[in-house]
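> let's see this in three dimensions:
(6 chains, ligands or ions: 5)
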Amino acid sequence: MSQPLINWFKFASPASFYPLAGKLWPWFAALATAFAAAGLWISFFVAPTDFQQGEGYRIIFIHVPASWMSMFIYCVMAFWSAIGIGFNTRLSGMMSSALAPTGALFAFLSLWTGALWGKPMWGAWWVWDARLTSELILLFLYLGYIALTAAIDDPRRADKAGAIVSLVGVINVPIIYFSVKWWNTLHQGASVSMTKAPTMAATMLWGMLLMALAFWMYSIAVALYRVRAIILERERHATWVAELPEMQR
Amino acid sequence: MLQAHGLACVRGDRRLFSGVDLSVAPGQWLQVEGANGAGKTSLLRILAGLSPAAEGRIEWEGQPVAEGRDDFHARLLYLGHAPAIKDDLSALENLQTSAAVSGRPLDEATALTALRRIGLKGREDLPSRVLSQGQKRRVALARLLCGQARLWILDEPFVALDVGAVDMLCGILDEHIGRGGMLIFTSHQAVQLQGNGARLELTK
Amino acid sequence: MLQAHGLACVRGDRRLFSGVDLSVAPGQWLQVEGANGAGKTSLLRILAGLSPAAEGRIEWEGQPVAEGRDDFHARLLYLGHAPAIKDDLSALENLQTSAAVSGRPLDEATALTALRRIGLKGREDLPSRVLSQGQKRRVALARLLCGQARLWILDEPFVALDVGAVDMLCGILDEHIGRGGMLIFTSHQAVQLQGNGARLELTK
Amino acid sequence: MNWGSASEFFAMGGYGFYVWGSFGVTAAALLIETLLVRKRFGDTRRLLRRELAADRESQD
Amino acid sequence: MNAFVAILRRDLLLAMRRKSEMLTALFFFMIVVSLFPLGIGPETALLRRIAPGVLWVAALLAAMLSLNRLFAADHQDGTLEQMALSPTPLALLVSGKVLAHWLTAGLPLVLLAPVLGLQFDLSSRALGILMLSLLLGTPLLSLIGAIGAALTLGVRGGGVLLSLLVLPLYIPALIFGAGAVEADMAGLGAGGHLSLLGALLALGLFFAPWATTAALRIALE
Amino acid sequence: MNAFVAILRRDLLLAMRRKSEMLTALFFFMIVVSLFPLGIGPETALLRRIAPGVLWVAALLAAMLSLNRLFAADHQDGTLEQMALSPTPLALLVSGKVLAHWLTAGLPLVLLAPVLGLQFDLSSRALGILMLSLLLGTPLLSLIGAIGAALTLGVRGGGVLLSLLVLPLYIPALIFGAGAVEADMAGLGAGGHLSLLGALLALGLFFAPWATTAALRIALE
Ligand code: HEM
Ligand SMILES: Nc1ncnc2c1ncn2[C@@H]1O[C@H](COP(=O)(O)OP(=O)(O)OP(=O)(O)O)[C@@H](O)[C@H]1O
Ligand SMILES: Nc1ncnc2c1ncn2[C@@H]1O[C@H](COP(=O)(O)OP(=O)(O)OP(=O)(O)O)[C@@H](O)[C@H]1O
Ligand SMILES: [Mg+2]
Ligand SMILES: [Mg+2]
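Ligands and ions are numbered 1, 2, ... in the order given. Got it, this is the predicted structure:
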């Protein structure tokens, strides 16, 4: 029982994770580029023109993956926070703070691309629809996390406070999603409801999946890179940092 | 009996102290000394269980404090830099409520006696806002007179007190030690306590 | 030269003092003494022009202060109980901005020298929030080292300072008096200043 | 192949502003984030190197 | 339990002592609600239509505004340290403070709401539902708010950061609360919304004190 | 004049130091504006109708919320005493602080408003008028707010009392500001409203610093 656990904790120490992250991120970056190239090829050259929405629908190939990633990353942050609170590992706090900016970025991109899609399709940049609203709130939750952790100087305290925020926030995400949905159905009336894309052609599905994979790999690569910087900032007085090859010269 | 072994404290990227061992037995006092910023306040907060130590362990009656927290806190009286006084409440109300919150309610007569003894006669019912610096400190110190805590941890209790009040406080501390109490305190002023005592100098 | 005649101070329904006369000439110091709550802080605030006296008048260089307020304030340095330190600014920033606000901007080099002299070497750039009690007081006291005020009014400048710092501050005060400055201060600690001085005891 | 010519490709059937606005901003955002992260890492490393060098000097 | 009562009493005493504190929270609510007719114009039909939303948003802001004094004063003057050192569990003391906050900043809003609702020409039935929804919702606001107040304790720029953290968490309460009144006005029945609000309250009562306690311990370190 | 620049710089520095302070004031504005559709419902026509009022009320609340940090911190830590003892006239120093407040809490609102207006489906013409009205109105909010902040300094229950004092004084700004946009949307022309707003601003610039100074001197006694 104890043996595998100990191995896990070995990698959970910043000193051993730092070089590991250094080895891993280029692979994920390469994968991200490859998937993005394939995904973009399908989105622009393979997928046929939509008979209803014309070429405008091609926004779907980044809009949907970005939306997925924004929600997924928040869950991953909450996961790391739970680990951090449960096992008191230093690395987990660093991981969630490394993920937050990327998550916020995808939430923003989801809103941005959605707005650019909505204008030609619905004639409005924004409507107060369930999905749109809960995505907006998700962005606020990210920003709250980032602002709070940035406002606390002591990184250990910042991690713990951030962990509480992301856990409370993650309980709230499904609650928000469903509450906004029900709220909306009560006033269907004049509001424009989201037009479902026509049954998805297989090529479109592939394009979206590839782009989603690309974003996913990108997120991992950036988070690993950022966590390396965070580790260096926080551990700068540890002896292992002084002994790193890149610190010589 | 409070014992600590190998305590270390890190603030920012500065190691304030490390390898601090100390023990205080019933009837003993310990004065923590050191220059401004040496880490006295930090050490006292660690001993009281308010902030975690970077290294080392603390034992109360032979048991790690972490395991019997409530038990330890029931026997502890900690007064920090901030006097924990509500500006809007009177001295009397401040004393009574702070005692009740720490689980040892006080009746009015006892509280009044304590306030008079500490030199606040005639000021018991003024809102603390208008009290002078030294009078505010006295309100906080009045808690010493009305609890059964065994261990007192006092951070600069003599600050802002006039000469008479310093003597009086020394008397109170002596009494506590005479009753078999334990005392840890800091002070930049030279004070003469009776009984069995020790000094701990914090240096870099 | 600061002179006051027949000052009285009333707080609530209490008359703290009345008929206080005092004068401080260049090269002189005046220590205001009295028990906690005697009214020392209240007197100093009245002298600095922060609150009005119930009775009496104050003159600066022979003129009523009320008539030449800005002139008086340009020559005055007052440090009260509260250190006027912004928790979010570093020691250096605190010193520079407070000097600039009182109309005497400081360049960085002078400010750094003052901070080092007052014993904050290596702490110049930490946010003041994390400084210890005594270090915060030192940031405030650093202003003494970089102004040309003739009259210093200091309320308990020795509080929270360690022994070394108390000596250093005494040295700074002596220097000021030696240069022909004036000084009014309070302290519950016994301090030895050189030069020509007087004590004023506030009693009921 | 959906496009007859490059200009057709850029026009996106009249939706050029919206499609390229989305793809362009996304690409720019990801690129900027990457650059910022690299800068953060580089800055930290430079700072640490300088500190370590100073330490070594003061020891010698 | 004694300590719970003690802290509740102390906080109520403090609120009374700052004489007008309870009243001013109320006035804030009142003024914000009255600003809308001024900003929007006096059409009765329009005002009736937006009344539940406006009243709920104003209640939410009023409750939030009073949050930063929930722990900040105690933190600054050292009382919080004393609470953490009390042998009573901190979560219990925290609950006492939250209850006091609700009694001084939440309950008065519930009682005043119908009067303000009249200004917007709401029916008496809608007023009843409004009160009920506020009665269930305002304790939730205090509970969630306490987490935010504890997290932003001693943090630079606390006040505004607090609203950033707390307002998104308030949204479900707002939606169900205002939704209940609107549903009733549309003849759809408010039961569903109200029971969801109740469920959220139960959840909050259970989890919020622990999260708050954890956050306070972090602030004290 | 040097001291004016010094205090302006110091306050801006403090705002920067609390890194996210400016941003969070903005976010507050943004979130409050977004709360209304949540409370009221998603109908575009209705939302467009209430948009000017909602945006103006939210701007007003955001400006007001940041008021209590205008003098309170300076009062507590003794900086205000030092300001009062400075040979520079206190009114000048106060103007510096007010300008810093507007730059950090008012100007960002002006810049963000059009984006939020888009969410309410306002026309680009209406958005322009909205920005203009906020540009004239927010400095007025800072000026009036400073008087309130000074008056409630060190007074028990300050925070809420402040809003009680200040909000009624904000009402003219609200009426002319929101009115300008509504008049324009109704095709009546916004000129009259805007020039009244400008006149109020001139009045405020002239009198507010003196009133604030007087109030500060009282608080210091
Ligand atoms: C600012 C505006 C918008 C936001 C914030 C937004 C947000 C989202 C989110 C969060 C998802 C993922 C939800 C899920 O997979 O369950 C999503 C999916 C999607 N969105 Fe949007 N959206 C916006 C505008 C639009 C517009 C204008 C359209 C099309 C006219 C659109 C079409 C879609 C489609 C087709 C999906 C995939 C649906 C599915 O996989 O079930 N969105 N959007
Ligand atoms: N983030 C930080 N980075 C560097 N140093 C820090 C940090 N936080 C605290 N410190 C230092 O830690 C020390 C804390 O000291 P503490 O308050 O325990 O001192 P003290 O011995 O009680 O002093 P005093 O006699 O002045 O009360 C100070 O020297 C302070 O400068
Ligand atoms: N409203 C009031 N009613 C009655 N007494 C008051 C009132 N306001 C202030 N006082 C008294 O006025 C005195 C103010 O004293 P002040 O702060 O000047 O004392 P001090 O000499 O500086 O004391 P310390 O040595 O403690 O700093 C206190 O004794 C206080 O109790
Ligand atoms: Mg200390
Ligand atoms: Mg005094």
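> for the helix or strand that contains residue E:80, name the packing helices and strands.
According to DSSP states H and E, residue E:80 maps onto helix E:79-84. The contact analysis (3 or more Cβ pairs under 8 Å, 6 or more residues apart in numbering or on different chains; DSSP states H and E) places helix E:79-84 against helix B:91-101, helix E:72-76, helix E:90-101, helix E:191-220. All C-beta atoms are positioned from the backbone trio N, CA, C, and that covers glycine.
> deepest-packed of those, please.
helix B:91-101 (a mean of 24; mean count of other Cβ atoms under 10 Å in any protein chain shown).
> which SSE is immediately downstream of it?
Next along from helix B:91-101, by DSSP H and E: helix B:108-117.
> and the angle for that next one with helix B:91-101?
Relative orientation of helix B:108-117 and helix B:91-101, computed by axes from the mean of the first three to the mean of the last three Cα atoms, to 10 degrees: 120 degrees.
> what comes up buried for helix B:108-117?
Buried residues in helix B:108-117, defined by neighbour count with 16 or more other Cβ atoms under 10 Å in any protein chain shown: B:111-112, B:114-115.
> of these, which is the nearest to residue F:44?
Closest approach to residue F:44 among the buried residues of helix B:108-117 (Cβ to Cβ): residue B:111, at 64.2 Å.
> look up how far residue B:91 lies from the closest one.
9 Å (Cβ to Cβ, to the nearest Å).
> pull the helix or strand with minimum mean pLDDT from chain B.
Lowest by mean pLDDT, DSSP states H and E among the helices and strands of chain B is helix B:69-74, with a mean of 85.
> what does that helix contact?
Residues from elsewhere that reach helix B:69-74 (Cβ atoms under 8 Å, 6 or more residues apart in numbering or on different chains): B:49, B:60, B:65, B:103, E:85-87, E:89.
> give me phi/psi at residue D:5?
Phi and psi for residue D:5, reported as degrees, to the nearest 10, are phi -150, psi 170.
> again but with residue D:28, I slipped
phi -60, psi -40.
> distance of it from ligand 2?
As defined by Cβ to the nearest ligand atom, to the nearest Å, residue D:28 lies at a distance of 37 Å from ligand 2.
> tell me how many other residues surround that residue.
If you count neighbours by other Cβ atoms under 10 Å in any protein chain shown, residue D:28 ends up with 10.
> need the pLDDT of it.
Looking at residue D:28, its pLDDT reads 95.
> ditto for residue A:210
Listed pLDDT for residue A:210 reads 94.
> how much space is there between the closest residue to it other than its chain neighbours and residue A:45?
Leaving out its chain neighbours, the residue that sits closest to residue A:210 by Cβ to Cβ, 6 or more residues apart in numbering or on different chains is residue A:39, at 3.5 Å. Distance, residue A:39 to residue A:45, using Cβ to Cβ: 11 Å.
> between the two, which one's more packed in?
More neighbours surround residue A:39 than the other of residue A:39 and residue A:45, with 23 against 11 (other Cβ under 10 Å).
> from ligand 5, how far out is that one?
Applying Cβ to the ion, to the nearest Å, the value for residue A:39 to ligand 5 is 72 Å.
> element containing that residue, please.
Assigned by DSSP H and E, residue A:39 belongs to helix A:14-41.
> show me what counts as buried in that helix.
For helix A:14-41, using 16+ other Cβ under 10 Å, the buried residues are A:14, A:17-18, A:21, A:25, A:28-29, A:31-32, A:35-36, A:38-40.
> mind putting the residues you listed into a markdown table with pLDDT?
Shown next, in a markdown table, are those (pLDDT from 0 to 100):
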| residue | pLDDT |
| --- | --- |
| A:14 | 86 |
| A:17 | 90 |
| A:18 | 91 |
| A:21 | 92 |
| A:25 | 93 |
| A:28 | 96 |
| A:29 | 96 |
| A:31 | 96 |
| A:32 | 95 |
| A:35 | 95 |
| A:36 | 94 |
| A:38 | 93 |
| A:39 | 92 |
| A:40 | 91 |
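> picking up where we left off before, reformat the helices and strands packed on helix E:79-84 as TSV; add distance to ligand 3.
Compiled in TSV, the helices and strands packed on helix E:79-84 are given as follows (distance: least, Cβ to the nearest ligand atom, whole Å):
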stretch	distance to ligand 3
helix B:91-101	10
helix E:72-76	20
helix E:90-101	27
helix E:191-220	28
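> got the CA coordinates for the worst-scoring helix or strand of chain E on mean pLDDT in CSV?
Ranked by mean pLDDT, DSSP H and E, the weakest helix or strand in chain E is helix E:21-40, scoring a mean of 81. Only the C-alpha atoms of helix E:21-40 are listed here, as CSV (Å, rounded to 0.1, in the frame of the first residue of the first chain):
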residue,chain,number,x,y,z
GLU,E,21,-26.2,50.5,11.4
MET,E,22,-29.2,48.4,10.9
LEU,E,23,-31.2,51.3,9.7
THR,E,24,-28.6,52.4,7.2
ALA,E,25,-28.5,48.9,5.6
LEU,E,26,-32.2,49.2,5.2
PHE,E,27,-31.9,52.7,3.8
PHE,E,28,-29.4,51.6,1.3
PHE,E,29,-31.8,48.9,0.1
MET,E,30,-34.6,51.5,-0.1
ILE,E,31,-32.5,54.1,-2.0
VAL,E,32,-31.2,51.6,-4.5
VAL,E,33,-34.7,50.4,-5.2
SER,E,34,-35.9,53.9,-5.5
LEU,E,35,-33.2,54.9,-7.9
PHE,E,36,-34.6,52.7,-10.6
PRO,E,37,-37.8,54.5,-11.3
LEU,E,38,-35.6,57.6,-11.5
GLY,E,39,-33.2,56.1,-14.0
ILE,E,40,-35.8,54.3,-16.1
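> can you name the residues of chain B that neighbour ligand 3?
Counting by Cβ under 6 Å from any ligand atom, chain B comes close to ligand 3 at B:123, B:126, B:130-135, B:160, B:162.
> with the residues you listed in mind, which one is nearest to residue A:107?
Looking across those and measuring by Cβ to Cβ, the closest to residue A:107 is residue B:133, at 51.1 Å.
> who's in contact with the closest one?
B:160, C:36, C:41, C:81, C:156.
> residue C:86 versus that one, what's the distance?
Computed as Cβ to Cβ, the residue B:133 to residue C:86 distance reads 21 Å.
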